[in-house]
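S.K.: got a predicted structure plus its sequence, pasted below:
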Amino acid sequence: MNFLHVIPEPPEPLPKSGTDDDVISQCVAHNLQRLRSKRHLSLDGLARACGVSRAMLAQIESGRSVPSIKVLCKIAKGLKVSVAAFLEDRAFEGVEVLPAQQSKRLVSADGAFISRALFPYDTARQSEFYEIRLRALGEEISKGHGPGIQENLVVAQGVLEVSVNDERYLLSTGDSILFYADQPHRYRNPADSEAVAFLVITYPERLD
């Protein structure tokens, strides 16, 4: 029978209070404890699964040590999650299913424009993904968003006229457009059938 030998790793220096390292260590500590508890793993069990010593795991989980990328990769592999799962300040483990009936929907006052969020609202993010539906001859007008925000849209069904600063672009099924959305822009459906598109909004800084 083969046994996994866990090699102790020297602890890293304690972060100074109030530094970026301190914030990171607390975030990693919280997520490590959450993920380990969810899998009903003891520190010894996780040590065997990832090859990081129990002592090192205890220091990380208590926030007394900031793990190196190498150590974090080992722990992530042992827990079968993405490394990014340890750095999120909200509970996201790398995979999340969003049932269609639970999607957040925004509807214009006249009901012509419907956007459905295809991303979890309760996680930190730098981009947003939407399904957009615009009924026949309907339109949606925006005065513009914040500086540096980009919109990337692709038409999945029908046709869509996109105007950016009064410059018009007619898009057919499969066509896409990318533009800075801090300018006035408008979506208009010139056809007599519903148009469907997918929209990615990218922000210059991450949203918390």
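M.R.: Everything's here; your move. Numbering: from 1, shown residues only.
S.K.: may I have the strands that pair with the helix or strand containing residue 141, each with its orientation?
M.R.: If you go by DSSP states H and E, residue 141 is part of strand 139-142. Strands that pair with strand 139-142, judged by DSSP bridges, come out as strand 185-188 (antiparallel).
S.K.: what's the longest helix in this protein?
M.R.: helix 20-38 (DSSP state H).
S.K.: leaving out chain neighbours, which residue sits closest to residue 139?
M.R.: Closest residue to residue 139 apart from its sequence neighbours, by CB to CB, 6 or more residues apart in numbering: residue 188 at 4.0 Å. Every residue, glycine included, has its C-beta placed from N, CA and C.
S.K.: on that earlier part again, in the longest helix of the chain, what's buried?
M.R.: Buried residues in helix 20-38, counted by 16 or more other CB atoms under 10 Å: 24, 25, 28, 29, 30, 31, 32, 35, 36.
S.K.: please name the residues that touch the third one.
M.R.: What that stands for is residue 28. 60, 63, 66, 67, 72, 86, 87 (CB atoms under 8 Å, 6 or more residues apart in numbering).
S.K.: and the fifth one, how many neighbours?
M.R.: When you say that, I think you mean residue 72. 19 (other CB atoms under 10 Å).
S.K.: just to revisit the earlier point, rank the contacts of residue 28 by pLDDT and give me only the lowest.
M.R.: Ranked by pLDDT, these bottom out at residue 87, which scores 74.
S.K.: name the nearest residue to that one, ignoring sequence neighbours.
M.R.: In space, residue 87 is closest to residue 27, 6.2 Å off (CB to CB, 6+ apart).
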